[in-house]
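Asker: Can you look at this prediction? I've put the sequence above it.
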Amino acid sequence: MAKNKEIQIKETNQSKIIFLGALIGALTGAGAGYLLASRLEEEDEIHFSARDGLKLGGSLLSLMRQVSKIGK
């Protein structure tokens with residue numbers, strides 16, 4: 001019975017962590033969208049090259065790698 005309760009607590013904690021991660025991701029995405037929209041107001045158009053996309057993708061992968069190493 002204690003083992004069953006332990007599993008249930010771990011699942012609850014996992015759900016909370018996933019929800020918190022999704023909330024942080026949504027807020028971060030909204031902030032990035034706001035910054036991009038304000039930049040569009042200042043300039044007529046934004047030039048986004050493939051190189052910029054690759055740099056952004058690399059940065060996101062690096063961030064995900066760092067998050068996965070937290071607590072190790």
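Answerer: In hand now; what should we look at? Numbering: from 1, shown residues only.

Asker: which residues touch the residue nearest to residue 39 when sequence neighbours are not counted?
Answerer: Distances taken as C-beta to C-beta, 6 or more residues apart in numbering place residue 46 nearest to residue 39, at 6.4 Å, with adjacent residues excluded. Yep, even glycine has a C-beta here, placed from its N, CA and C like the rest. Residues near residue 46 by C-beta atoms under 8 Å, 6 or more residues apart in numbering: 36, 39, 40.

Asker: measure the first one to residue 49 for me?
Answerer: So that's residue 36. Distance, residue 36 to residue 49, by C-beta to C-beta, to the nearest Å: 15 Å.

Asker: Low-confidence bits of this protein, can you list those?
Answerer: Low-confidence segments of the chain, defined by pLDDT under 70: 1-3, 5-7, 9.

Asker: Please repeat the previous calculation with a cut-off of 80.
Answerer: 1-11, 71-72 (pLDDT under 80).

Asker: The spatially most central residue of it and residue 41, how far apart?
Answerer: Nearest to the geometric centre of the chain sits residue 25, at 3.8 Å (C-alpha atoms, centre = their mean). Taking C-beta to C-beta as the measure, residue 25 falls 25 Å from residue 41.

Asker: Now do the SS call for residue 46.
Answerer: Put simply, residue 46 is coil when judged by DSSP: H, G, I helix; E, B strand; the rest coil.
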